[in-house]
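**Q** Kindly generate the corresponding structure for this input.
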Amino acid sequence: MRAGGTPGQAGATGRRDARRSACDDRAVTLQHCTDLSPAAWITGSDLPWDRLVGFGPAAPAYARLRFIPDPAYPGQSENDVDAGPGGAEAEAAVLRGALDTLARHTGTPDDVYVGLWDGWSSDLEGGGPSGPAPAFARPVLDGPRFAVPNRAFLLFRGRLSDVGDWGAAETWPGHFRTMPPAFVWPADHAWCLANDVDPHWAGIGASTAAVADLLADPRLDAVRANPAEPQPAYV
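**A** Predicted coordinates:
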């Protein structure tokens with residue numbers, strides 16, 4: 001035990017160290033985890049699956065982080081929206097801004113978990129001998145998943161500042177591979193960012209103070225949300 005520590009702190013440290021041993025040992029990037037027990041916070045929820053992948057586990061307050069504006073009329077297609085420069089890089093920048101704000105609302109910014117949806121099959125598996133390289137080695141690609149109805153995810157762990165850097169191979173030499181996180185949550189469960197593949201927004205469940213900070217951040221297009229209500233959607 002460290003000087004000044006308590007038995008409870010020592011036990012918690014031991015559990016964290018044991019979990020780290022089930023992750024690949026990388027110095028800077030996120031680490032792939034084969035121990036899926038930290039994801040029980042997600043998989044053990046009794047919320048409807050669409051609410052869970054949309055906003056994460058139950059929280060005091062919620063926000064939607066919009067990548068493009070909400071539909072202007074019923075039946076609108078995303079193809080009809082002029083949102084300016086977009087794509088994976090723009091979405092990653094929005095997520096980074098939100099995570100920078102959320103970093104002030106967790107006691108464990110250097111210990112977060114990240115879910116990567118396994119439905120990005122072409123990005124993950126690559127394009128064969130003449131196509132892009134696989135994102136990861138076979139032990140990662142064939143590794144265990146944590147799952148909710150209709151979705152399954154690889155689990156990674158690292159610092160909040162590392163989110164988005166999967167330690168993945170480049171698609172082509174000099175071309176960084178951009179794959180959005182499906183879930184991000186700190187070890188202390190202070191909040192959860194859920195970024196499902198279907199909506200034009202990411203959902204965040206957090207404290208009322210964290211949601212207020214997200215709404216006040218001029219970099220973000222964030223609005224309060226009630227997960228029990230239908231959410232705006234494009235066709």
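**Q** can you pull the buried residues of stretch 198-212?
**A** P199, H200, W201, A202, G203, I204, G205, A206, S207, A210, V211 (16 or more other C-beta atoms under 10 Å). Heads up, the C-betas are built off the backbone N, CA and C, glycines and all.
**Q** repeat for stretch 225-235
**A** Residues of stretch 225-235 classed as buried by neighbour count (16+ other C-beta under 10 Å): A225, P227, Q231, P232, Y234.
**Q** what's across from A61 in the sheet?
**A** Beta-bridge partners recorded for A61 (DSSP bridges): A206.
**Q** so it touches L214, yeah?
**A** No - using C-beta atoms under 8 Å, A61 makes no contact with L214, being 9.6 Å away.
**Q** Now for the two: what residues contact both?
**A** Counting by C-beta atoms under 8 Å, 6 or more residues apart in numbering, the common neighbours of A61 and L214 are A206.
**Q** re the thing from before, tell me the one of the buried residues of stretch 198-212 nearest W185?
**A** The nearest member of the buried residues of stretch 198-212 to W185, counting by C-beta to C-beta, is G205 at 9.2 Å.
**Q** I'd guessed that closest one sits against V53; true?
**A** No - G205 lies out of contact with V53 (C-beta under 8 Å); the separation is 11.9 Å.
**Q** ok so, going back, neighbour-wise, which of A61 and L214 wins?
**A** For A61 versus L214, neighbours defined as other C-beta atoms under 10 Å are more numerous around L214 (25 against 19).
**Q** what's near enough to touch the nearest residue to the more buried one once chain neighbours are set aside?
**A** Excluding the flanking residues, the one nearest L214 by C-beta to C-beta, 6 or more residues apart in numbering is A222, at 4.5 Å. A222 sits next to A63, R64, L65, R66, A98, I204, L214, L215 when contact means C-beta under 8 Å, 6+ apart.
**Q** what about the fourth one, how many neighbours?
**A** Yep, that's R66 we're talking about. Neighbour number of R66 under other C-beta under 10 Å is 18.
**Q** so how far is the first residue of stretch 115-135 from its last?
**A** End-to-end distance for stretch 115-135, by C-alpha to C-alpha, to the nearest Å: 15 Å.
**Q** Bridged to P186, which residues?
**A** With DSSP bridges as the rule, P186 is bridged to V112.
**Q** Per-residue pLDDT of it, please?
**A** pLDDT, P186: 98.
**Q** How about A93?
**A** In this model, A93 carries a pLDDT of 95.
**Q** element containing it?
**A** For A93, the element it lies in under DSSP states H and E is helix 88-102.
**Q** helices and strands of the chain: which one bottoms out on pLDDT?
**A** In the chain, the helix or strand scored least confidently by mean pLDDT, DSSP states H and E is helix 7-20, which has a mean of 41.
**Q** Serialize the buried residues of stretch 198-212 to JSON lines and add fields for pLDDT.
**A** Shown next, in JSON lines, are these (pLDDT from 0 to 100):
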{"residue": "P199", "pLDDT": "96"}
{"residue": "H200", "pLDDT": "96"}
{"residue": "W201", "pLDDT": "98"}
{"residue": "A202", "pLDDT": "98"}
{"residue": "G203", "pLDDT": "98"}
{"residue": "I204", "pLDDT": "98"}
{"residue": "G205", "pLDDT": "98"}
{"residue": "A206", "pLDDT": "98"}
{"residue": "S207", "pLDDT": "98"}
{"residue": "A210", "pLDDT": "98"}
{"residue": "V211", "pLDDT": "98"}
